[in-house]
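**Q** this one's structure only:
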């Protein structure tokens with residue numbers, strides 16, 4: 001815009017009459033900004049015809065004696081005028097066409113003089129740099145458009161040459177039609193154009209060579225001039241004539257041989273047949289060694305050929321790939337390195353095949369290759385999943401000795417291994433190390449550690465974990481509170497269980513679930529505080545909480561041990577109304593009915609338990625047997641005693657003594673009181 005404004009100022013400065021040599025007659029008759037028209041030129045002067053403005057009818061003078069012109073230059077100038085006119089019209093929308101034509105004439109004359117090298121004269125108006133920048137921008141777009149048109153014209157010409165027609169007929173004969181045939185025709189025409197341009201360039205070079213042969217030949221040197229000392233060649237300040245750079249070049253060539261991928265040999269003939277037999281080998285029962293040896297003898301492979309073979313095997317059968325890859329570790333031409341071993345160990349570890357991974361690891365150590373950090377990370381994950389604490393600890397210590405910072409995933413695997421192995425204290429110490437290295441433990445890690453402490457009844461350690469979680473701003477979940485409440489229920493601490501229950505609801509807004517309510521009831525049950533438990537449950541019912549299956553089972557267990565038969569049967573009905581009837585119901589009923597000498601009801605529960613004996617656990621068997629012994633059901637007690645042993649459970653000493661004493665006291669025919 002700044003360039004066009006400068007052009008407007010130039011147009012305003014134009015005199016009323018210009019030199020007749022610099023402007024055509026038709027342009028001089030026009031006026032600028034409604035000024036009076038200039039006087040007509042003298043008849044003895046010859047008007048100058050602009051070859052740029054002749055592209056438009058309004059700007060072309062009627063002169064029959066037009067000088068000869070260059071067609072290419074004329075086309076360029078015509079396109080330039082057409083492209084530059086919209087810019088002027090957009091910049092000066094209030095100007096008349098006459099003024100715009102005068103501005104365009106100034107620019108066009110300057111461009112023509114610049115292209116032809118003509119002297120514009122001393123009185124010519126010079127264009128500033130910004131205006132020239134706009135001119136060059138438009139000129140570049142015009143030149144690119146002319147080039148595209150010329151390419152299209154050449155392609156249009158070669159589309160109808162004999163070679164393209166012949167290939168087109170062949171394509172039609174083989175069934176190619178539509179857009180694909182059109183693309184192929186343009187492709188063949190382009191190739192023909194490239195070929196013609198290539199030979200045209202050769203002809204031009206040949207013509208230049210013939211023109212240069214007429215000149216005087218340049219004298220050739222017959223010998224190098226003698227000089228003293230060694231040749232010195234420097235590049236970027238380095239003395240490249242030093243012999244050390246030759247060694248550097250050799251090392252660079254060797255390094256490139258490792259990084260630049262080589263192409264595998266084509267597998268043909270006997271090698272192809274041997275490969276087909278290799279791919280058909282059963283990895284579990286077959287032996288791939290004969291086919292490998294035959295393939296090797298025929299192809300004489302190097303490392304890239306072996307790797308290509310392994311990729312083809314892996315695409316067909318992963319188990320066969322693992323077997324063949326392990327065999328190739330002993331092949332000299334395979335040139336096995338530590339990464340080949342680490343890949344196999346990783347694949348076996350992900351498949352939980354610890355023995356195979358250890359076998360590959362042993363082969364690597366036999367070759368004198370020590371495990372690195374990458375292999376040690378794989379071993380930590382593998383041994384953690386397999387529960388091998390010592391091996392996982394050894395690999396983890398090696399990683400830390402190598403000053404490698406373990407990530408969260410590696411810490412998690414090692415912590416889970418400690419927890420599963422029954423060492424939560426070591427897991428907690430590792431969490432401290434994890435926090436010292438600024439790696440934040442996840443909620444799952446804390447939950448696993450907390451559950452481990454809770455299962456062992458170490459509630460003081462569990463509370464310490466909760467404090468650590470609060471310090472790390474890890475919000476406890478409902479599952480976490482349920483675990484703690486159940487733990488307080490097992491140790492018989494109703495005060496802490498109720499406090500944890502209230503904290504879960506009031507502080508963090510978690511809904512009370514059936515498991516947490518059952519945990520509080522279990523804590524009251526351990527202390528035999530039935531009245532407190534019932535008052536607490538009534539307060540929950542007033543708040544709108546409904547008791548679930550677990551809580552009703554806990555109350556049924558409690559009432560059955562207290563021999564409160566009617567009340568226990570009410571809870572049995574509540575459990576059935578909830579749509580479930582766990583096997584624990586009949587365990588509690590069989591124990592209660594046997595102790596209360598209700599033989600018919602006891603036999604109904606015993607019959608159901610006998611049908612579902614595979615679902616019973618060891619403590620449930622012992623409770624049923626203890627109830628039958630206390631009720632005097634010797635035959636049924638002996639029957640469930642044998643059933644317990646047949647299910648793979650070993651009865652406790654107390655149960656064995658009680659069953660034997662019942663046999664001696666009541667005899668084998670005693671079935672009830």
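**A** Received the coordinates, thanks. These figures come from a predicted structure and were not determined experimentally.
**Q** Every contact and neighbour count from this point should use C-alpha atoms.
**A** Fine.
**Q** Go ahead and flag the most central residue of the protein.
**A** Nearest to the mean C-alpha position of the chain, counting by C-alpha atoms, centre = their mean, stands residue 409 at 17.4 Å.
**Q** do you know how far it is from residue 388?
**A** 18 Å (C-alpha to C-alpha, to the nearest Å).
**Q** I'd like the domain boundaries of this structure, if you could list them.
**A** 71-159, 582-672 (the TED database).
**Q** out of those, nearest to residue 208?
**A** In this view, those are compared for proximity to residue 208 by C-alpha to C-alpha, and domain 71-159 is the closest at 23.8 Å.
**Q** pretty sure residue 546 belongs to a helix, no?
**A** No: assigned with DSSP: H, G, I helix; E, B strand; the rest coil, residue 546 falls outside any helix and is coil.
**Q** Just the pLDDT at it, thanks.
**A** We have a pLDDT of 85 for residue 546.
**Q** Who are the contact partners of it?
**A** Counting by C-alpha atoms under 8 Å, 6 or more residues apart in numbering, residue 546 touches residue 540.
**Q** Now the phi/psi pair for it, please.
**A** phi -100, psi 140 (degrees, to the nearest 10).
**Q** quick one: it from residue 483, how far?
**A** 20 Å.
**Q** Quick check: residue 270 touching residue 297?
**A** No: here residue 270 does not reach residue 297: they are 9.5 Å apart, not a contact under C-alpha atoms under 8 Å.
**Q** name the helices or strands packed onto the helix or strand harbouring residue 363?
**A** Element membership for residue 363 (DSSP states H and E) is helix 354-366. With contacts defined as 3 or more C-alpha pairs under 8 Å, 6 or more residues apart in numbering; DSSP states H and E, helix 354-366 has these neighbours: helix 338-350, helix 373-386.
**Q** helices or strands up against the longest one?
**A** What it means is helix 373-386. Counting by 3+ C-alpha pairs under 8 Å, 6+ apart, helix 373-386 packs on helix 338-350, helix 354-366, helix 389-401, helix 408-420.
**Q** how does it look with 6 Å?
**A** Under the contact criterion of 3 or more C-alpha pairs under 6 Å, 6 or more residues apart in numbering; DSSP states H and E, helix 373-386 touches helix 389-401, helix 408-420.
**Q** where does this protein have low pLDDT?
**A** 1-69, 122-123, 213-231, 257-261, 665-673 (pLDDT under 70).
**Q** all strands of it, in order?
**A** With strands called from DSSP state E, the chain shows them at 234-235, 238-239.
**Q** Would you mind finding the most buried of the ones you listed?
**A** strand 238-239 (a mean of 10; mean count of other C-alpha atoms under 10 Å).
**Q** Now find how far off-centre it is within its chain.
**A** 46 Å (C-alpha atoms, centre = their mean, to the nearest Å).
**Q** now stretch 374-392
**A** 25 Å.
**Q** now do stretch 480-497
**A** 43 Å.
**Q** contacts for that stretch?
**A** Here stretch 480-497 makes contact (C-alpha atoms under 6 Å, 6 or more residues apart in numbering) with 454, 516, 519-520, 522-524, 526.
**Q** Check these and tell me the two furthest apart.
**A** 454 and 524 (17.9 Å).
**Q** Counting neighbours around each, name which of those two comes out higher.
**A** In this comparison of residue 454 against residue 524, neighbours counted by other C-alpha atoms under 10 Å, the higher total goes to residue 524 at 26 against 23.
**Q** Relative to residue 498, how far out is the more buried one?
**A** Taken as C-alpha to C-alpha, the span from residue 524 to residue 498 is 10 Å.
**Q** What about residue 419, how many residues nearby?
**A** With other C-alpha under 10 Å as criterion, residue 419 counts 22.
**Q** how much space between it and residue 435?
**A** 18 Å.
**Q** So in this structure, which helix runs the longest?
**A** helix 178-213 (DSSP state H).
**Q** so how far is that helix from its chain's centroid?
**A** 47 Å.
**Q** Buried ones in that helix, by neighbour count?
**A** Buried residues in helix 178-213, counted by 16 or more other C-alpha atoms under 10 Å: 184-186, 188-190, 192-193.
**Q** and the residues you listed as TSV, adding distance to residue 289?
**A** Putting the buried residues of helix 178-213 into TSV (distance: C-alpha to C-alpha, whole Å) gives the following:
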residue	distance to residue 289
184	50
185	53
186	54
188	51
189	55
190	54
192	54
193	57
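**Q** and which of those residues is nearest to residue 176?
**A** residue 184 (9.5 Å).
**Q** how much space between that closest one and residue 162?
**A** Residue 184 is 15 Å from residue 162, by C-alpha to C-alpha.
**Q** what's the answer for residue 659, then?
**A** 109 Å.
**Q** These two: which has the busier surroundings?
**A** For the pair residue 659 and residue 162, the greater number of neighbours falls to residue 659 (20 against 10), based on other C-alpha under 10 Å.
**Q** separation between the more buried one and residue 609?
**A** 19 Å.
**Q** Tell me which stretches of the stretch 501-650 of the chain form helices.
**A** For the stretch 501-650 of the chain, helices defined by DSSP state H, counting those that start in this stretch occupy the ranges 514-526, 530-542, 549-561, 565-577, 583-595, 599-611, 618-631, 634-646.
**Q** List the buried residues for the last one?
**A** By neighbour count on 16+ other C-alpha under 10 Å, the buried set for helix 634-646 is 634-638, 640-641, 643-644.
**Q** just the longest one next, same as before
**A** Buried residues in helix 618-631, counted by 16+ other C-alpha under 10 Å: 620-631.
**Q** Skip the chain neighbours and tell me the closest residue to residue 451.
**A** residue 483 (6.7 Å; C-alpha to C-alpha, 6 or more residues apart in numbering).
**Q** ok, now how distant is that neighbour from residue 477?
**A** Residue 483 is 10 Å from residue 477, by C-alpha to C-alpha.
**Q** Give me the more crowded residue out of these two.
**A** residue 483 (19 against 13).
**Q** Could you measure from the more buried one over to residue 523?
**A** 13 Å.
**Q** With residue 606 instead?
**A** From residue 606 to residue 523 the distance is 29 Å (C-alpha to C-alpha).
**Q** quick one, which of the two is more surrounded?
**A** Legend: neighbour count by other C-alpha under 10 Å for residue 606 and residue 523, higher for residue 523 (26 against 22).
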